Structure formats: C-alpha cells, structure tokens
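A.B. asks: Structure for the following, please:
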Amino acid sequence: MKVKQISVFLENKSGRLEEVTRLLAENEVDLRALSLADTRDFGVLRMIVNDHQKAHDLLKNAGFTVQFTDVVAAEVPDRPGGLADILKVLDEKSISVEYMYAFVERKEGKAIMIFRFEDVDSAVATLEGSHIKLLRGDEVYNL
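C.D. replies: Residues are numbered from 1 along each chain as shown. You can find the predicted model right below:
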C-alpha cells in the first residue's frame, strides 16, 4: 500500500518551480498532489503524479536533484475529527508522522491524505489493522 512520491530539491530563486511544472506539463505528466517546503536557500517540492517514473527521468535529465520516497495515501472521513481519529490510532502505536499533506481530490465523502512515516511498513500494518482504507499506488496515480 505504498505510493511513490517524487521529491525535487530546488534552489530558492524565482522561476525554478515554474521550470518543474512546465517540464512536466509539456510531457503530459499530471500532478495529483503536491507540497512545497522551503528554507532560506532551498525548497523541497514533494509530488504525487500520474507517471512517477517518467517525471523522475524528465527532471533528472533536466539537471534537478530528484528522489523517490514511499508514502501512504489514506482515506480520511471528511468531517470534523476525521484526521484526529487516524492520528490517534498512530499515536497509540507510537508511530510518528514525519509530514503529511492533502490530496487534491475528494473520494466519496472522504478526503485523501498523504503521510510520510519513518517506518512505512509499521504504519501500513497499524492503519490496516484499524480498518483505515489505504489506497494503492495505481489508485492514487489515476484519480
């Protein structure tokens, strides 16, 4: 139940984010979810796309520093407290969330959250054991 996320390291200067998104657009790679975190000197763009291998190769060949990271996509009840309930399940097993971000699509009254864990396998087992719906990579890439 792992999803491939692409992380791109960007110099913190005007136009770099546009370069990434333009390259992907020109090559028919569609963004599904993204998060951008920055520091003074650089940013980390994290993306879920419809074709992760193609995006990785395009960006690497264009000179960007790119890596894959396994993340988890979980359905979260789209109601007050839905996310808190899932975080409680993780906290009870002492599983820390390194970071998370929302997916751009809602699914049948559910929100989709992308989670990064240090121990992805333990997190998957815990979430599945608590009957939390996780999405396979192909489900996420094709939403």
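
A.B. asks: What residue spans form the domains of this protein?
C.D. replies: 2-69, 70-141 (automatic domain parsing).

A.B. asks: who does the lengthiest strand in the chain pair up with?
C.D. replies: For the chain, the strand that runs over the most residues, judged by DSSP state E, is strand 65-77. Using DSSP bridges, the strands paired with strand 65-77 are strand 2-11 (antiparallel), strand 110-117 (antiparallel), strand 134-135 (antiparallel).

A.B. asks: what's the pLDDT at the closest residue to residue 2 other than its chain neighbours?
C.D. replies: Leaving out its chain neighbours, the residue that sits closest to residue 2 by C-beta to C-beta, 6 or more residues apart in numbering is residue 70, at 4.2 Å. Where C-beta positions appear, they are placed from N, C-alpha and C, glycine not excepted. At residue 70 the predicted local confidence, pLDDT, stands at 95.

A.B. asks: If anything else comes up later, I'll come back, but that's it for now.
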